[in-house]
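Engineer: Sequence first, predicted model second:
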Amino acid sequence: MDRLPLALVGCGPMGRRHIRALGTLRRAGLDAPDLVAVCDLDPAIAARAADEAEAQTGRRPRIVRSLDDLLADDGVRAIDIATDPAGHHRLAVPALLAGRHVLCEKPLSITMRGCRAILDAHDAAPSGTVLATQEQHRRGPANRIARAVIASGMIGAVHLVRTTVIGGDDRIILTPWRHLREKGTIALDNGVHFADVHRYLVGSPWRETWGHGLIAEPVRRKGPVTFEPELYGAAMANAPDEIVATGEDSVIALTRHENDVRTMITWLPSGRGPQYHERTVHGRLGSIVVPPDRTGRDLVVRLDGRSLGAHDLLRELPAGTLDEVTERLFGDPVHPERPFGEIDAAHLAASIHDFARSIREGSSPEIDGREGADAVAAILGAIEAGRLGRAVTREEMLALRVTAAHDDIDRAIGLA
């Protein structure tokens with residue numbers, strides 16, 4: 001079977017994580033795209049990525065300086081976009097119109113006009129062109145099993161799903177751009193993960209949202225890099241000692257879905273003292289405690305007089321609850337002893353494998369461009385709701401009828 005010739009655009013920390021995921025696919029014995037080229041504005045960063053790709057996949061991709069060069073090569077069939085999200089539309093649109101399949105990192109764009117530009121380009125692309133959003137958190141065994149529990153009716157009608165992450169300090173989170181309004185904020189960058197997982201768990205798009213976005217820490221300061229220091233340490237090496245935040249670092253949202261289930265997101269990475277990180281599902285007959293994403297910890301289903309973990313549940317749920325790809329990438333569904341980098345790579349690998357499968361089979365990816373845009377709309381909708389003092393609907397967001405809170409960003413990125 002011919003492998004998918006893939007080019008990676010953006011060789012910073014996120015791009016390097018994608019390369020690590022390709023190596024994970026190879027070691028798991030799963031079909032992986034053939035990384036034939038890497039592209040970055042900085043040739044030194046691209047060269048480092050090429051070295052890492054050779055170590056992970058056994059083949060050194062060529063180094064390319066521009067998207068135009070990639071699109072001039074008919075041998076490149078797919079583009080993996082892992083740049084800062086403010087520029088996603090400038091890469092995805094020409095790639096799609098040129099008939100290239102596109103896997104675009106989340107968030108699909110940092111505004112709804114950006115999402116619309118990408119979706120319109122996909123609609124205009126040659127028939128069969130695939131657009132997928134790289135959204136990996138739902139891919140882990142705990143979220144897969146939780147979805148199966150809900151679908152089985154084990155906990156009855158679901159009333160509420162909530163994800164809460166509260167607590168932190170004033171350090172720069174991951175990279176400086178995530179605190180700058182015109183670059184894409186950490187509230188959106190992390191918020192779309194939660195919005196996507198919630199849609200997946202409840203099995204229904206969102207209908208309307210109430211919420212608020214805020215800057216909890218007005219000044220962010222450079223500090224020790226604790227998240228994947230091998231990757232993000234280099235990105236922070238030249239960061240300023242402090243940044244005046246211009247974009248939201250926090251978002252709070254209460255959302256009603258089309259099936260009338262409510263979901264709640266609280267992302268507030270500020271406030272010294274105890275930190276709270278939890279996801280829970282509340283049904284009429286029981287509840288689920290889902291572990292924090294990419295920790296490998298066990299989930300717990302609590303019913304009347306019973307408490308079931310992942311292994312118990314897999315004995316009660318239908319065969320195939322975890323598909324072969326998930327089983328081969330993760331092994332034991334409970335794996336807290338594995339290093340974070342391995343767990344993260346397995347999540348990303350599942351998404352990349354699904355992208356390649358959809359191209360090979362001529363089917364839709366699990367998370368296409370429209371689902372990626374829906375997640376952006378859910379978080380930006382909560383922020384718009386806070387400005388307007390009323391609920392905002394999905395229909396309004398997708399139709400670009402509510403944009404005032406982000407019109408200035410559209411102007412900054414050339415979309416207004």
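Structural biologist: Received, thanks. Numbering: from 1, shown residues only.
Engineer: Residue 84 against residue 180, yeah?
Structural biologist: No - in this structure, residue 84 is not within contact of residue 180 by C-beta atoms under 8 Å, at 9.8 Å. The way it works is simple: take the backbone N, C-alpha and C, and place the C-beta from them, glycine included.
Engineer: give me the element residue 386 is part of.
Structural biologist: helix 369-388 (DSSP states H and E).
Engineer: Just the strands from the stretch 251-400 of the chain, written as ranges.
Structural biologist: Remark: strands assigned in the stretch 251-400 of the chain by DSSP state E, counting those that start in this stretch are 262-268, 276-283, 286-290, 300-303, 306-308, 392-393.
Engineer: now those strands in CSV, with mean pLDDT, mean neighbour count and distance to residue 62?
Structural biologist: Supplementary listing: the strands of the stretch 251-400 of the chain in CSV, determined by pLDDT from 0 to 100; neighbours: other C-beta atoms under 10 Å; distance: least, C-beta to C-beta, whole Å:
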stretch, mean pLDDT, mean neighbour count, distance to residue 62
strand 262-268, 98, 21, 39
strand 276-283, 97, 18, 42
strand 286-290, 98, 21, 42
strand 300-303, 98, 18, 49
strand 306-308, 96, 14, 51
strand 392-393, 98, 22, 46
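Engineer: can you redo the ones you listed as a markdown table with distance to residue 377?
Structural biologist: Output for those, formatted as a markdown table (distance: least, C-beta to C-beta, whole Å):
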| stretch | distance to residue 377 |
| --- | --- |
| strand 262-268 | 13 |
| strand 276-283 | 21 |
| strand 286-290 | 24 |
| strand 300-303 | 31 |
| strand 306-308 | 35 |
| strand 392-393 | 9 |
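Engineer: Out of the ones you listed, flag the one nearest residue 135.
Structural biologist: Comparing the strands of the stretch 251-400 of the chain against residue 135 with C-beta to C-beta, the closest turns out to be strand 262-268 (15.0 Å).
Engineer: For that closest one, what is the distance to the chain centroid?
Structural biologist: Distance of strand 262-268 from the chain centroid (C-alpha atoms, centre = their mean, to the nearest Å) equals 16 Å.
Engineer: Could you list every helix and strand in contact with that strand?
Structural biologist: strand 158-166, helix 186-202, strand 250-257 (3 or more C-beta pairs under 8 Å, 6 or more residues apart in numbering; DSSP states H and E).
Engineer: in the helix or strand hosting residue 208, what counts as buried?
Structural biologist: Assessed by DSSP H and E, residue 208 sits inside strand 206-214. Using 16 or more other C-beta atoms under 10 Å as the test for burial, strand 206-214 gives 206, 208-213.
Engineer: Need the residues that contact that strand.
Structural biologist: Residues from elsewhere that reach strand 206-214, judged by C-beta atoms under 8 Å, 6 or more residues apart in numbering: 187, 195, 198-199, 248-258, 263, 265, 374, 377-378, 381-383, 385-386, 390-394, 405.
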